[in-house]
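Novice: build me a structure from this.
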Amino acid sequence: MVAAAAPAAAQVVLTREQGKNGKLRKVLEGRGIACLELPMVETTAGPDRDRLPQILAERAAEFDWVCITSPEAASVFLEGWNAAGRPAVRLAVVGEGTGKVFEAAAADGVPQPQFVPSVANAEHFGPELPFVEGGSKRVLYPASNKASTELQSGLEKRGFEVLRLNTYDTVPVTRLDAAALEAAKQAAVVTVGSPSAIKAWVQIVGEEATQGMAWVQIVGEEATQGMSIACIGSTSARAAEKLGLQCIKYPDAPGVDTWAAVVEDCLRERQLLPTSA
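Specialist: You can find the predicted model right below:
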């Protein structure tokens with residue numbers, strides 16, 4: 001994957017997959033913040049992708065809920081749902097961004113979410129998912145191959161039976177424009193939308209800087225020295241902490257606007273935005 005030409009003095013690096021940085025970029029650039037899009041990960045098929053349409057075609061009626069925890073999971077689910085003959089399902093989605101994937105296709109008869117937790121994360125999703133009266137207590141969970149077991153474990157502790165299918169995976173990009181990478185390392189803030197993205201950032205920047213993986217554990221102290229890490233939510237923030245990164249911030253409620261506000265806070269701390277902005 002080759003990045004576009006880098007701005008000369010980008011303040012913020014956007015690291016989500018190609019095509020998924022647009023909303024945040026629009027908000028930030030609308031506020032005069034220079035951005036550089038440098039995707040760190042790309043999506044590939046997961047080991048259970050082919051099983052999804054089969055499960056939906058044969059067993060959709062068994063499940064009280066289908067739990068969807070990311071826009072990518074939503075897109076992959078809809079592909080499998082269409083291939084399965086569009087069976088009736090009851091959808092629960094982690095948050096507004098994921099729900100919009102279904103809302104955008106509502107006119108085409110796509111099922112709409114019937115549950116969204118109070119906060120867009122697994123900590124709230126698991127405890128808040130309601131039981132269906134007279135239901136089976138079975139949940140279908142099409143997920144990323146790298147997704148944690150937090151949602152699954154939380155539901156099972158409450159008595160749900162969860163069938164998890166790892167329908168997609170996120171892997172580090174295989175190609176990056178060298179000039180864009182150098183420009184990214186000069187920015188003040190790197191935005192992180194998933195644990196996979198921050199792990200790829202550390203891996204790629206560490207490998208480029210040291211030509212080896214032995215130094216990865218101290219990348220947060222060296223290759224990304226002086227950078228703030230603006231995460232979309234607590235899950236990505238915890239992943240950044242585990243990698244030894246510093247100056248990590250995230251909003252209480254994940255979303256594009258709250259994420260943008262965290263980026264602005266990071267820039268204000270570095271005196272790159274006026275405090276009254």
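
Novice: dump stretch 256-264 to PDB, restricted to CA.
Specialist: Presented in PDB, the C-alpha positions along stretch 256-264 are these (Å, rounded to 0.1, in the frame of the first residue of the first chain):
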ATOM      1  CA  VAL A 256     -15.100  10.800  15.700                       C
ATOM      2  CA  ASP A 257     -16.000  14.000  17.500                       C
ATOM      3  CA  THR A 258     -14.700  12.900  20.900                       C
ATOM      4  CA  TRP A 259     -11.600  11.400  19.200                       C
ATOM      5  CA  ALA A 260     -11.000  14.800  17.500                       C
ATOM      6  CA  ALA A 261     -11.300  16.500  20.800                       C
ATOM      7  CA  VAL A 262      -8.600  14.300  22.300                       C
ATOM      8  CA  VAL A 263      -6.300  15.100  19.400                       C
ATOM      9  CA  GLU A 264      -6.900  18.800  20.100                       C
END
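
Novice: buried sites along it?
Specialist: 256, 259, 260, 262, 263, 264 (16 or more other C-beta atoms under 10 Å). (C-beta placed from N, C-alpha, C; glycine too.)

Novice: likewise for stretch 154-165?
Specialist: 154, 155, 160, 162, 163, 164, 165.

Novice: could I get these as TSV with pLDDT and distance to residue 249?
Specialist: Below are the buried residues of stretch 154-165 laid out as TSV (pLDDT from 0 to 100; distance: C-beta to C-beta, whole Å):
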residue	pLDDT	distance to residue 249
154	97	25
155	98	29
160	98	33
162	98	32
163	98	36
164	98	31
165	98	33
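
Novice: where does the prediction get shaky in the stretch 101-250 of the chain?
Specialist: Applying pLDDT under 70 to the stretch 101-250 of the chain flags the ranges 206-226.

Novice: all strands for it, in order.
Specialist: 113-115, 138-144, 161-172, 189-192, 228-231, 248-249 (DSSP state E, counting those that start in this stretch).

Novice: what helices and strands are in contact with the shortest one?
Specialist: The criterion is 3 or more C-beta pairs under 8 Å, 6 or more residues apart in numbering; DSSP states H and E, and the helices and strands that strand 248-249 contacts are strand 228-231, helix 234-242, helix 256-269.

Novice: now do the last one: everything it contacts.
Specialist: Taking contacts as C-beta atoms under 8 Å, 6 or more residues apart in numbering, the residues outside helix 256-269 that touch it are 11-12, 23-24, 27-28, 31, 33, 97, 188-189, 191, 228, 230-232, 247, 249-252, 273-275, 277.

Novice: let's see it at 7 Å
Specialist: 11-12, 23-24, 27-28, 33, 188-189, 191, 228, 230, 232, 249-251, 273, 275, 277 (C-beta atoms under 7 Å, 6 or more residues apart in numbering).

Novice: ditto for the second one
Specialist: When contacts are defined by C-beta under 7 Å, 6+ apart, helix 234-242 is touched by residues 121, 192, 193, 194, 195, 198, 199, 229, 231, 248, 250.

Novice: got it, and the first one?
Specialist: When contacts are defined by C-beta under 7 Å, 6+ apart, strand 228-231 is touched by residues 188-192, 237, 240, 245, 247-250, 259, 262-263, 266, 270.

Novice: quick one on the thing from earlier: among the contacts of helix 256-269, name the buried ones.
Specialist: Using 16+ other C-beta under 10 Å, the buried members of the contacts of helix 256-269 are 11-12, 23-24, 27-28, 33, 188-189, 191, 228, 230, 232, 249-251, 273.

Novice: about what we covered before: and the helices and strands packed on strand 248-249 as TSV, adding distance to residue 42?
Specialist: Shown next, in TSV, are the helices and strands packed on strand 248-249 (distance: least, C-beta to C-beta, whole Å):
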stretch	distance to residue 42
strand 228-231	20
helix 234-242	17
helix 256-269	21
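
Novice: out of those, nearest to residue 128?
Specialist: For these, the distance to residue 128 is smallest for helix 234-242, at 15.7 Å, taking C-beta to C-beta.
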